[in-house]
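[1] dropping the sequence and predicted coords here.
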Amino acid sequence: MISAELHDVVRRFVDAEFSIGGLEDWLAPRLPLFLQFPHSPDARVVGAIELALAEYSDGMRDEASLRSYLRQALARHTPLIVDWQPRSS
């Protein structure tokens, strides 16, 4: 399972709710957090994002291919949703 926030941001990017630059701007300051545990689902999704962005920058992918690739990467993971409401006695 990946974090709900990461899932939501990738889904919004895939659905064209914001640009490639918006995805990069959101991801860059959070990379250390997501890569803290390199074998975690979050790290795998972030790795897929980074690979796809590098391929896009090198001209190996167009924007539609980038969104499609990340849609497939997202489909392999469900979001982790935590209910933080305290229990009543």
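    Yep, that arrived.

[2] contacts, neighbours, all on C-alpha from now
    OK.

[3] do you have the helices of this structure handy? List them.
    Secondary structure of the chain by DSSP state H: the helices cover 4-14, 20-27, 31-34, 41-57, 63-75.

[4] now for the second one, which elements pack on it?
    So that's helix 20-27. helix 4-14 (3 or more CA pairs under 8 Å, 6 or more residues apart in numbering; DSSP states H and E).

[5] and the helix it packs on with helix 20-27, angle?
    170 degrees (axes from the mean of the first three to the mean of the last three CA atoms, to 10 degrees).

[6] what comes up buried for stretch 12-24?
    13, 14, 20, 23 (16 or more other CA atoms under 10 Å).

[7] cool, and stretch 45-56?
    45, 46, 47, 48, 49, 50, 52, 53, 56.

[8] for that stretch, the distance to its chain's centre please.
    Distance of stretch 45-56 from the chain centroid (CA atoms, centre = their mean, to the nearest Å) equals 9 Å.

[9] now it: average pLDDT?
    Mean pLDDT, stretch 45-56: 96.

[10] please apply the same query to stretch 29-40.
    92.

[11] how close does the residue lying closest to residue 34 once chain neighbours are set aside sit to residue 30?
    Spatially, and ignoring its direct neighbours in sequence, residue 34 is nearest to residue 43 (5.5 Å; CA to CA, 6 or more residues apart in numbering). Residue 43 sits 11 Å away from residue 30, going by CA to CA, to the nearest Å.

[12] these two: which has the busier surroundings?
    residue 43 (19 against 12; other CA atoms under 10 Å).

[13] what about that one, distance to residue 3?
    For residue 43 relative to residue 3 (CA to CA), the value is 10 Å.

[14] same question for residue 73.
    Distance from residue 73 to residue 3, by CA to CA: 14 Å.

[15] now do the buried residues in stretch 60-78.
    Result for stretch 60-78 [16+ other CA under 10 Å]: buried residues 61, 66, 67, 69, 70, 71, 73, 74, 77.
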